[in-house]
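Q: Sequence and predicted structure, then a few things I'm wondering about:
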There are 2 protein chains.
Amino acid sequence: MIGGGQLARMTHQAAIALGQSLRVLSTGPRESAALVAADVVLGDHRDLDALLRVAEGATVVTFDHEHVPTEHLRALERVGHRVAPGPDALVHAQDKLVLRRALTAAGEPQPVWAEVDTPVGVTDFAGATGWPVVLKTPRGGYDGRGVFLAQDADEAAALLERHGTLLAEERVPMVRELAVQVARSPFGQVAVWPVVETVQRDGVCHEVLAPAPGLDEGTATGAQELAIRIAERLGVVGLLAVELFQTADGVLVNELAMRPHNSGHWTIEGARTSQFEQHLRAVLDYPLGTTTMTAPVVVMANVLGGAAAAPGWTGPGLDERVHHFMAHWPDVKLHWYGKGQRPGRKLGHVTALGDDLGEVRARAVAAARYLADGVIDPAFAFGDEH
Amino acid sequence: MIGGGQLARMTHQAAIALGQSLRVLSTGPRESAALVAADVVLGDHRDLDALLRVAEGATVVTFDHEHVPTEHLRALERVGHRVAPGPDALVHAQDKLVLRRALTAAGEPQPVWAEVDTPVGVTDFAGATGWPVVLKTPRGGYDGRGVFLAQDADEAAALLERHGTLLAEERVPMVRELAVQVARSPFGQVAVWPVVETVQRDGVCHEVLAPAPGLDEGTATGAQELAIRIAERLGVVGLLAVELFQTADGVLVNELAMRPHNSGHWTIEGARTSQFEQHLRAVLDYPLGTTTMTAPVVVMANVLGGAAAAPGWTGPGLDERVHHFMAHWPDVKLHWYGKGQRPGRKLGHVTALGDDLGEVRARAVAAARYLADGVIDPAFAFGDEH
């Protein structure tokens, strides 16, 4: 697996159960997965020699992120390595313009878009969609980075000056964000989990609600079928996460990830087969596992570095917070990534399961917030009955 | 963790989620846990120097097995290491005579027993309980090894000649075997899982049924209370598995394990907190997790090396069997230990969950048998509906 982040870390847990040996390419020994995996190659994912070293003897090469240059993936394939997803599929998760063109060709629903490289181009686009215009760097965006809102031609000009060619998109009047995950094997078997709602703030995922509350069955099934069609058309092997905008008229494709994804962490406890196990099954060409949920409602909340990760913090330290978390929420599951604390950084996540969305969500969010900030939600004050 | 077997392997999975770093003392690099853990010390658990090396800098030292000499544990404690469970507790899982004496002193239910070192002693014992007499080596027994059935004084004499002092026990007219697992923290918090039935053949656990089918509530609660009393009285820190004989009159204590145990593998998917996570929480003095079940019925079946592990096997190879297993039982969870195949060896286990004991049990057993033997149970023939 190329990349030593938390996705590789959690994939290692799944690999252990399957009796598989996961080798990780990590840029440093203190990365999340490098701390726990037995077989770690240190090196950069942009260095072909490092990629060749990690691929040596492996059954298949797969990814914790989308940052490996396409030409390196082709080079790996030329010398006989299996790469899953392959470069022709992966480029759709790497380059938003390539994705938009492919979805247009396929006739799939997406925001109105244009490739722009001049201020006039953006102004023309805004003539049809109105200001503000969403401008995105085609490559390298991540957790809201590389996504901008231009209010007028001057702002657009400044962004073009800085970033070169951009993807312009209409600002979608969305109700909320959804995500669907599907796994596809080289054989062509697919397995899809229930559609989830992702709650984002400033482009960063804070919560995932499974299944998406109140989603009508037609839209849910339609979104699952859309994800399967995209996986098949692009020849994805492994996991595909399709991020969607839900509007009054249906769903539009926002972007893709071709790997385990934050929107699927809930599946570790919340589905019979987790996204990490399923990704391994898919890229290794094993039959896929059952995706049914293990509880009526599952909520995942990210633990993002907060007040407690900032300099000068004088509240309870991390270990003390983990103690309190475990005492107060003995049924909420913790996943800690082993990373150094820093404000805004994804340090871990928690998952709560149950029958009632309001209760489960409040529990997950309060637990995550306490771990991050040492803040006790009044609704979950210590000593209260709930 | 002292010992590099499958218990350490599965504990590593739990440690990853908790953000803990598990260091393993393994006798070789190909042991189950050594294959997957990032921090492996090679050495023998009977070598104090190796124990001191693995303990260096660790928060606490705990165990994958009971084979560390008591004097070494005391030596670790003397130089300031925390050992959990401590030597005074652990000796009750190491020495069956010590256990029998402690249970007699505590007035807890157990088989009629005696310490014997002469054939006359065994004959006297049989005068009260009848032949055959169960004879056990006080130390080193494991999966049925070190347990004998003497039909008469001659057989008893031969066993005493070979093994020295033995523990004599009445042959209990048992209905079935049960097990209860309890975790206890240094603080004294306890958490107990539902009582399970363990299905043994030739002293080796084949299946675990959770909860124990048809067990009346009084007996179940009584068995849980018994396990808690033993954990408290012996000062156990970490996991305690109490193996029980159920008779017409109630339960009798067979033996103890003070670590994650085969009778608790079902908790990985079957309980909100797995025995592996709970063991870590307990020995690290974190509050314990919820032990409620995640489904009405959970069945674990061991995959024991069978025909397919024997020389000359011409049926489907392991990888092919795993393919078929995954295709046919997409909802049965696999845990593979990464060990070389050998007849009788515990190679892995599978867990099935559901509502109906008969269906869940048949599914788990058929899947485990297919993985072990390449044998298709007619009730689960490929292509059938079920």
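A: Sure thing, it's come through.
Q: Next, the residue sitting nearest the centre point of chain A: phi, psi?
A: Here the mean C-alpha position of chain A is nearest to the C-alpha of A:His261 (Cα atoms, centre = their mean), at a distance of 3.2 Å. Its backbone dihedrals place A:His261 at phi -140, psi 150, with angles given as degrees, to the nearest 10.
Q: was I right about it contacting A:Ala241?
A: Yes. Applying Cβ atoms under 8 Å as the test, A:His261 and A:Ala241 come out as touching, 3.7 Å apart. In short, each C-beta sits where N, CA and C put it, glycine included.
Q: Identify the contacts common to those two.
A: In the contact map built from Cβ atoms under 8 Å, 6 or more residues apart in numbering or on different chains, the residues linked to both A:His261 and A:Ala241 are A:179, A:181.
Q: what sits against the residue nearest to the centre of chain A?
A: A:His261 makes contacts with A:7, A:179, A:181, A:239, A:241, A:275, as judged by Cβ under 8 Å, 6+ apart.
Q: Between the residues you listed, which sits nearest B:Val41?
A: Distances from B:Val41 to the contacts of A:His261, taken as Cβ to Cβ, are shortest for A:Leu7 (28.4 Å).
Q: Give me the three-state assignment for the closest one.
A: Following DSSP: H, G, I helix; E, B strand; the rest coil, the label given to A:Leu7 is helix.
Q: Give the buried residues for stretch A:43-61.
A: Within stretch A:43-61, the residues scored as buried using 16 or more other Cβ atoms under 10 Å in any protein chain shown are A:43, A:45, A:48, A:50-51, A:54-55, A:60-61.
Q: Let me fix that, I meant to ask about stretch A:162-169.
A: Residues A:163, A:166-169 are the ones in stretch A:162-169 that count as buried (16+ other Cβ under 10 Å).
Q: can you give me the end-to-end distance of it?
A: 18 Å (Cα to Cα, to the nearest Å).
Q: Take the contacts of A:His261 and lay them out in a markdown table including pLDDT.
A: Formatted as a markdown table, the entries for the contacts of A:His261 read as follows, by pLDDT from 0 to 100:
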| residue | pLDDT |
| --- | --- |
| A:Leu7 | 98 |
| A:Ala179 | 98 |
| A:Gln181 | 98 |
| A:Leu239 | 98 |
| A:Ala241 | 98 |
| A:Gln275 | 98 |
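Q: and which of those is nearest chain B?
A: A:Leu7 (12.7 Å; Cβ to the nearest Cβ).
Q: contacting residues for that closest one?
A: Under the criterion of Cβ under 8 Å, 6+ apart, the contact list for A:Leu7 reads A:33, A:64-65, A:259-261, A:276.
Q: And the buried ones among these, selectable in PyMOL?
A: Per 16+ other Cβ under 10 Å, the buried members of these correspond to this PyMOL selection:
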select buried, chain A and resi 33+64+65+259+260+261+276
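Q: Is it possible to get TSV of the contacts of A:Leu7 that adds pLDDT and distance to B:Arg342?
A: Below are these laid out as TSV (pLDDT from 0 to 100; distance: Cβ to Cβ, whole Å):
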residue	pLDDT	distance to B:Arg342
A:Ala33	98	32
A:Asp64	97	35
A:His65	96	40
A:Arg259	98	37
A:Pro260	98	34
A:His261	98	40
A:Phe276	98	30
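Q: between the contacts of A:Leu7, which is nearest chain B?
A: Checking the contacts of A:Leu7 against chain B by Cβ to the nearest Cβ gives A:Ala33 as the nearest, at 9.3 Å.
Q: Touching, that closest one and A:Gly4? I think so.
A: Yes. With contacts defined as Cβ under 8 Å, A:Ala33 counts as touching A:Gly4 at a distance of 4.2 Å.
Q: Now intersect the buried residues of stretch A:43-61 with the helices, please.
A: A:48, A:50-51, A:54-55 (DSSP state H).
Q: out of the residues you listed, who's nearest B:Leu215?
A: Minimum separation from B:Leu215 among these (Cβ to Cβ) is found for A:Val54, which lies at 51.3 Å.
Q: quick one: the closest one and A:Arg23 touch, right?
A: Yes. Counting by Cβ under 8 Å, A:Arg23 is a contact partner of A:Val54 at 5.9 Å.
Q: which neighbours do those two share?
A: In contact with both A:Val54 and A:Arg23: A:Val41, using Cβ under 8 Å, 6+ apart.
Q: next one: stretch A:197-213 to chain centre, how far?
A: Its chain's average C-alpha position is 11 Å from that of stretch A:197-213, according to Cα atoms, centre = their mean, to the nearest Å.
Q: Spell out which parts of the stretch 151-300 of chain A neighbour chain B.
A: Those residues of the stretch 151-300 of chain A that sit near chain B, judged by Cβ under 8 Å from any Cβ of the partner chain, are A:272-273, A:281, A:286-290, A:292, A:294-295.
Q: any common contacting residues for A:Ala33 and A:Gly4?
A: With contacts defined as Cβ under 8 Å, 6+ apart, the residues adjacent to both A:Ala33 and A:Gly4 are A:24, A:26, A:40, A:64.
Q: Straight-line length of stretch A:49-69, end to end?
A: Start-to-end span of stretch A:49-69 (Cα to Cα) is 13 Å.
Q: so how far is it off the chain centroid?
A: The offset between the C-alpha centroid of stretch A:49-69 and the centroid of the whole chain comes to 19 Å, using Cα atoms, centre = their mean.
Q: before we move on, back to that, take the contacts of A:His261 and keep only those in helices.
A: Secondary-structure check on the contacts of A:His261 using DSSP H: residues within helices are A:7, A:275.
Q: Secondary structure element holding the residue in the stretch 101-250 of chain A that chain B sits nearest to?
A: Of the residues in the stretch 101-250 of chain A, the one nearest chain B is A:Ala191, at a distance of 8.2 Å by Cβ to the nearest Cβ. In this assignment (DSSP states H and E), A:Ala191 forms part of strand A:190-192.
Q: for chain A, what spans make up the helices?
A: When secondary structure is read from DSSP H, chain A shows helices at A:6-18, A:48-55, A:70-78, A:87-94, A:96-106, A:119-129, A:153-163, A:217-234, A:267-270, A:275-283, A:318-328, A:357-373.
Q: Can you say which of the ones you listed is packed in most?
A: A comparison of the helices of chain A by mean neighbour count, using mean count of other Cβ atoms under 10 Å in any protein chain shown, puts helix A:275-283 on top with a mean of 28.
Q: What is that helix packed up against?
A: Packed against helix A:275-283 by the contact rule (3 or more Cβ pairs under 8 Å, 6 or more residues apart in numbering or on different chains; DSSP states H and E) you find helix A:6-18, strand A:174-184, strand A:238-247, helix A:267-270.
Q: Measure how the longest one sits relative to helix B:6-18, angle-wise.
A: Right, helix A:6-18. Computed with axes from the mean of the first three to the mean of the last three Cα atoms, to 10 degrees, the direction of helix A:6-18 lies at 160 degrees from that of helix B:6-18.
Q: how far off strand A:238-247 does helix A:6-18 point, in degrees?
A: Direction vectors for helix A:6-18 and strand A:238-247, defined by the same axes, to 10 degrees, enclose an angle of 130 degrees.
Q: how about helix A:6-18 as CSV, C-alpha atoms only?
A: Output in CSV follows, covering the C-alpha atoms of helix A:6-18 (Å, rounded to 0.1, in the frame of the first residue of the first chain):
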residue,chain,number,x,y,z
GLN,A,6,-4.5,6.2,8.9
LEU,A,7,-6.1,4.4,5.9
ALA,A,8,-3.1,2.1,5.6
ARG,A,9,-3.1,1.7,9.4
MET,A,10,-6.7,0.5,9.4
THR,A,11,-6.1,-1.6,6.3
HIS,A,12,-3.4,-3.4,8.2
GLN,A,13,-5.9,-4.4,10.9
ALA,A,14,-8.0,-6.0,8.2
ALA,A,15,-5.1,-7.6,6.5
ILE,A,16,-4.2,-9.3,9.8
ALA,A,17,-7.6,-11.0,10.0
LEU,A,18,-7.3,-12.2,6.4
